[in-house]
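[1] Pasting a predicted model and its sequence here:
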Amino acid sequence: MIFDTIVGVSTAIGYSAINVIRVSGIEAFEMVSSIFKGKDLTTVLTHTVHYGHIVFQDAIIDEVVVTVFKAPRSFTTENVVEISVHGGSYIASLVLEALISKGARLAEPGEFTRRAYLNGRIDLTQAESIMDMINAKTRLQLQLATSSLSGDVRKRMESLQTELLDIIAIIEVNIDYPEYDDVVTMTNELIIPKIKQLIQSIQTILEKADSGKVIRDGIKTVIVGKPNVGKSSLLNTLLNEDKAIVTDISGTTRDLVEGELRLGGLLLRLIDTAGVRETEDIVEKIGIDKTKKALEQADLVILVLDQSRELSKEDELLLTLTQEKKRIIVGNKADLGPSHLSNISSIISLSAKTKQGMNALEVALQDLFIHASMHESTEVVLGNTRHIGKMQETLQALQDALHAAQSHLPIDMVEIDVKNAWTALGEITGDVATDQLIQSLFSKFCLGK
Ligand SMILES: Nc1nc2c(ncn2[C@@H]2O[C@H](COP(=O)(O)OP(=O)(O)OP(=O)(O)O)[C@@H](O)[C@H]2O)c(=O)[nH]1
Ligand SMILES: [Mg+2]
């Protein structure tokens with residue numbers, strides 16, 4: 001496709017040494033050359049770097065270095081020039097202005113990447129992984145995004161699509177040759193095991209995706225316990241800062257206090273809560289309600305008990321309340337002497353105050369999640385919420401198809417479901433993408449990307 005020439009600043013505008021201005025489009029070389037004093041960029045080789053000056057309206061704006069990428073060997077597959085100017089927003093804005101006066105258009109957010117997609121250089125999963133890479137905060141998040149950038153997700157989706165095509169082919173043969181009566185049962189015998197197998201693969205991918213999601217979005221970790229057991233102290237110790245207020249008064253924490261902890265490549269979104277107990281205090285009551293809500297949404301619960309005391313009614317209530325959750329039970333205040341709670345299985349003894357035993361907690365946290373993560377996985381790990389949603393749609397459509405086939409519904413009914421599965425899969429890679437989807441996806445990108 002031939003598009004107009006766009007320009008954008010690819011670096012964050014602010015106080016920096018260098019800004020990179022990117023120009024892409026059919027007239028990129030001519031436009032930059034018209035304001036560049038140095039080599040004639042329309043005649044230089046691709047992938048070369050040139051020193052010179054940006055001159056506009058007879059004044060030198062900046063001393064720059066330009067990099068030239070000739071179509072189709074560039075990010076967008078178009079002619080691309082990257083101009084490295086000095087930092088600060090003023091110079092960049094002058095160069096933008098100069099290029100716009102030569103006919104370039106200011107790029108919309110994500111427009112460079114959109115062009116790379118529209119020109120067939122990358123698929124949707126790769127475009128999205130660029131955004132995920134920019135947003136990554138941990139090593140695993142980055143790893144997840146880069147594996148998708150390399151095309152792993154696309155390849156896996158294509159292999160699933162091939163399997164779907166297999167099924168569609170059998171159905172089509174049946175529709176084209178309806179005169180053979182025995183073909184109907186024959187078709188069911190052929191496609192039911194194939195659909196079942198596909199359902200199995202997709203279920204495995206979705207199970208893996210759970211850990212992908214955890215890597216991408218972080219683990220929502222809620223610290224709960226009765227008042228005064230040291231929840232806020234534990235949060236502060238984990239974060240290594242005095243984030244939450246700690247006092248010896250029960251009911252100190254009234255609202256949720258949050259902090260982020262990076263642990264072995266994982267991101268924990270820690271939430272300290274108000275201690276749970278019966279209370280008449282209206283503010284505390286609201287806090288406790290929030291605790292219960294946070295508990296429902298938690299990926300992981302750290303239940304804190306005070307091991308210097310016997311188990312109380314409130315502790316028991318919380319043990320029951322969190323039973324179904326992925327949880328770690330902590331026996332805090334280990335510095336105060338022998339534990340009264342050693343009968344509770346897999347309790348981790350530690351002291352938020354002296355930090356003894358904190359290591360064991362970190363190991364337990366990593367064990368819970370890293371095992372399930374991408375390291376030992378041979379199946380592709382989907383980390384992107386949109387992809388996971390589409391995968392679930394695919395699964396649903398296939399389950400409908402299976403049901404239809406098993407109930408001996410007319411074969412064209414089965415085909416509708418199989419084709420729905422095909423469409424949902426195609427929407428992951430962008431094979432089947434609506435303009436609206438493309439528009440909304442790319443508008444989430446930063447400017448100049
Ligand atoms: N000896 C000892 N004291 C601790 C330890 N952790 C917390 N404390 C003390 O226990 C008291 C309560 O600590 P907090 O962290 O405020 O407890 P909390 O669970 O957040 O309490 P609420 O917010 O009221 O629910 C404070 O006096 C802390 O100094 C510990 O490991 N050892
Ligand atoms: Mg507290």
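    Arrived safely, thanks for sending. Ligands and ions are numbered 1, 2, ... in the order given.

[2] okay, now the spatially closest residue to residue 242 that is not a sequence neighbour: neighbour count?
    In space, and not counting its chain neighbours, residue 242 is closest to residue 236: 5.5 Å by C-beta to C-beta, 6 or more residues apart in numbering. For the C-beta atoms, the positions are set from N, CA and C on the backbone; glycine is no exception. Residue 236: 20 surrounding residues under other C-beta atoms under 10 Å.

[3] Confirm that residue 236 sits in a helix.
    Yes: the assignment for residue 236 is a helix, going by DSSP: H, G, I helix; E, B strand; the rest coil.

[4] Would you check that my belief about it contacting residue 244 is correct?
    Yes: shown here, residue 236 and residue 244 form a contact pair, counting by C-beta atoms under 8 Å, at 5.9 Å.

[5] Can you list the residue ranges for helices in the protein?
    With helices called from DSSP state H, the chain shows them at 28-33, 89-101, 111-118, 124-135, 139-149, 152-176, 183-217, 231-239, 282-297, 313-321, 358-370, 385-406, 411-429, 435-442.

[6] The last one: which residues count as buried?
    Within helix 435-442, the residues that qualify as buried by neighbour count (16 or more other C-beta atoms under 10 Å) are 438, 441-442.

[7] which residues touch the residue nearest to residue 242?
    Contacts for residue 236 (C-beta atoms under 8 Å, 6 or more residues apart in numbering) come out as 242-244, 246, 352.

[8] switch the cut-off to 6 Å
    Applying C-beta atoms under 6 Å, 6 or more residues apart in numbering to residue 236 gives the contacts 242-244.

[9] near ligand 1, which residues of the stretch 151-300 of the chain show up?
    Counting by C-beta under 6 Å from any ligand atom, the residues of the stretch 151-300 of the chain lying close to ligand 1 are 225, 227-233, 246-248, 250-253, 274-275.

[10] Now, of the contacts of residue 236, which are buried?
    Looks like those have 243-244 buried, using 16+ other C-beta under 10 Å.

[11] Present the contacts of residue 236 as a markdown table; the columns should include distance to residue 322.
    Shown next, in a markdown table, are the contacts of residue 236 (distance: C-beta to C-beta, whole Å):
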| residue | distance to residue 322 |
| --- | --- |
| 242 | 27 |
| 243 | 23 |
| 244 | 20 |
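
[12] which of the contacts of residue 236 lies closest to residue 70?
    Using C-beta to C-beta, residue 243 comes nearest to residue 70 of those, at 52.4 Å.

[13] For residue 130, see how far away the nearest residue to that closest one once chain neighbours are set aside is.
    Distances taken as C-beta to C-beta, 6+ apart place residue 259 nearest to residue 243, at 5.1 Å, with adjacent residues excluded. As judged by C-beta to C-beta, to the nearest Å, residue 259 and residue 130 stand 29 Å apart.

[14] and if you look at residue 363?
    The gap separating residue 363 from residue 130 is 34 Å, by C-beta to C-beta.

[15] likewise residue 122?
    The gap separating residue 122 from residue 130 is 8 Å, by C-beta to C-beta.

[16] and if you look at residue 54?
    Separation of residue 54 from residue 130 (C-beta to C-beta) stands at 28 Å.

[17] Just the pLDDT at the closest residue to ligand 2 within the stretch 251-400 of the chain, thanks.
    Nearest residue of the stretch 251-400 of the chain to ligand 2: residue 253, at 3.0 Å (C-beta to the ion). In the predicted model, residue 253 carries a pLDDT score of 87.

[18] Who are the contact partners of the closest residue to residue 122 other than its chain neighbours?
    Leaving aside its chain neighbours, residue 122 sits nearest to residue 116 (5.0 Å; criterion: C-beta to C-beta, 6+ apart). Neighbour list for residue 116: 75-76, 122 [criterion: C-beta under 6 Å, 6+ apart].

[19] just to revisit the earlier point, looking at residue 54 and residue 130, which is more packed in?
    residue 54 (24 against 21).

[20] Any idea what the more buried one is bridged to?
    Judged by DSSP bridges, the bridge partners of residue 54 are residue 36, residue 62.

[21] Hmm, residue 35 and it touching each other?
    Yes: using C-beta atoms under 6 Å, residue 54 is in contact with residue 35, at 5.5 Å.

[22] Now do the domain split for this protein, please.
    By the assignment in automatic domain parsing, the chain contains the domains 6-123, 148-214+379-433, 218-374.

[23] Point out where this structure drops to low pLDDT.
    Applying pLDDT under 70 to the chain picks out residues 178-184, 370-378, 447-448.

[24] Can you select the buried ones from the residues of the stretch 151-300 of the chain next to ligand 1 in ChimeraX?
    The following ChimeraX line selects those of those that are buried, judged by 16+ other C-beta under 10 Å:
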select :225,227,228,229,230,231,232,233,246,251,252,253,274,275
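
[25] Just the residues of the stretch 151-300 of the chain next to ligand 1: which are in strands?
    residue 225 (DSSP state E).

[26] just to revisit the earlier point, dump the contacts of residue 236 to a markdown table, plus distance to ligand 2.
    As requested, those are exported to a markdown table (distance: C-beta to the ion, whole Å):
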| residue | distance to ligand 2 |
| --- | --- |
| 242 | 12 |
| 243 | 11 |
| 244 | 6 |
